[in-house]
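> Mind looking at a prediction? Sequence and model below.
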Amino acid sequence: MYCIDGNDRVIELTDLPQCDIGAPLPSLVATERQTFLIYYLQNVPPGWDGTSVRVVGPNADGERVAIISFKHCLAHMFGPPNDEAFEGHPLAKLGLHPYSVFRIENSSWVRTLERMNAVHPHHRPETMLSLSHYIFAFHDSMFECIASAYQIEVHKASIRNALGRLAMAID
């Protein structure tokens, strides 16, 4: 994890479709050159009254699945906190909350990585500082990364099928 210094600014990104709140089952496919985040999207059947629970797993075919591909992903973290321990995240007091996606402006994590890289003989601070810090906050975990951009695709599939498709596409 990283420490914040008070200059970070949490911006919620509202143009992405809502992840499933109960069981998004986020999965990660990452190499040194490619990074993909996959998760189920919110699926509220018409007429649902909230008294029943729909159970989905990684083989639940026909669900809406988001596949996020990150461009120039420099670093990523995937894991805690979950929604019950969310207040323990260093950015929670600045507006970060569960079940949403964020971009962190003036990110302490980006600035820390830039300082670490400053010892490289061909270091260019503007290259690192032009990257964005993204956070996807789920039910049981969070995904954070430093990348130049992301692209979203939505498919009807299972998490397992989406993972298989990505595994075949990695170059």
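Yep, that arrived.

> all helices for this protein, in order.
For the chain, the helices defined by DSSP state H occupy 108-117, 125-129, 159-169.

> and Leu166, how many neighbours?
16 (other C-beta atoms under 10 Å). Yep, even glycine has a C-beta here, placed from its N, CA and C like the rest.

> Now do the same contact list for it.
Contacts for Leu166 (C-beta atoms under 8 Å, 6 or more residues apart in numbering) come out as Val29, Phe36, Ile38, Ile67.

> got it, and Leu94?
Leu94 neighbours (C-beta under 8 Å, 6+ apart): Ile4, Asp8, Arg9, Val10.

> Wait, the third one touches Arg103, no?
It refers to Arg9. No: counting by C-beta atoms under 8 Å, Arg9 sits too far from Arg103 to count as a contact (9.0 Å).

> Val110 - how many residues pack around it?
22.

> ok, it to Ile104 distance?
8 Å (C-beta to C-beta, to the nearest Å).

> who touches both of the two?
In contact with both Val110 and Ile104: Ser132, His133, using C-beta under 8 Å, 6+ apart.

> By neighbour count, which of the contacts of Leu166 wins?
Busiest of the contacts of Leu166 [other C-beta under 10 Å] is Ile38, holding 26 neighbours.
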